[in-house]
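Return a 3D structure for these sequence lines:
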Amino acid sequence: MDKIELKRRTQRFAIDVIKFIEELPNSRSLNVLCNQLLRSSSSIGANYRAACKGKSTADFINKIVIVEEEADESIYWLELMEESGLVSSTKLIVLKKEADELTAIFTAIGKTAKANQQINKLKNSSIKKSEIEIPKSEIK
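Presented below is the predicted three-dimensional model:
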C-alpha cells in the first residue's frame, strides 16, 4: 500500500465514523464517547498527512507514533460503546476491524522507520578506512 492509498484509507475511516455517529441516538454518555471517537478517528488521517510532510526522519517517526496512538484510541472508544451496551456489536464490527488494521499498519511503519533510522545512524557514524588520514610522519 502506497502513501496515496493509505491517505485515502485513513480519510475513508474518518468518513465511516462520521456516518456511523450520525446514525446513533442522542444520549449524554453516547455523545461524549462519539465526540472522543470523532476526534481520534479524524486525527489518524490528519497526522498521517503531516507525517508524510515531515521535515526529518525524527519528525516523521514522532508523527507516526501519534497516528498509531490515535488509531488505538479509536479502538478504545469503540470498545467502550460496545461494552457499555450503548451500541450493538454488529454496528461496530467493521469499524473495529479497520481501526485494528490501521493500528497494526502504523505500528509496523513506526518500527520500520525507527530501525532504518538506527541503521542510518550507524552507517553515518562508521569511519571508513579510506577516509582516515595517516600523518606523513607515521608512514615509513
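
can you map out the helices along the chain?
Secondary structure of the chain (DSSP state H): helices located at 3-22, 28-52, 57-83, 89-125.

if I pick A50, what's in contact with it?
Applying Cβ atoms under 8 Å, 6 or more residues apart in numbering, we find A50 in contact with K63. From N, CA and C alone the C-beta is placed, and that goes for glycine too.

Format the helices of the chain as CSV; extra columns: mean pLDDT.
Shown next, in CSV, are the helices of the chain (pLDDT from 0 to 100):
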stretch, mean pLDDT
helix 3-22, 97
helix 28-52, 97
helix 57-83, 97
helix 89-125, 92
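
looking at it, R9 is touching K3, isn't it?
No. The pair R9 / K3 is not scored as a contact, 10.6 Å apart, by Cβ atoms under 8 Å.

So those two - more neighbours on which side?
Just comparing R9 and K3: by other Cβ atoms under 10 Å the higher neighbour count belongs to R9, 17 against 11.

Distance check, the closest residue to S29 other than its chain neighbours against S125.
Nearest non-adjacent residue to S29, counting by Cβ to Cβ, 6 or more residues apart in numbering: L86, 6.3 Å away. Separation of L86 from S125 (Cβ to Cβ, to the nearest Å): 54 Å.

between those two, who's got more neighbours?
L86 (15 against 7).

Phi first, then psi, for the more buried one.
Backbone torsions of L86, given as degrees, to the nearest 10, read phi -80, psi -30.

Cool, thanks, talk later.
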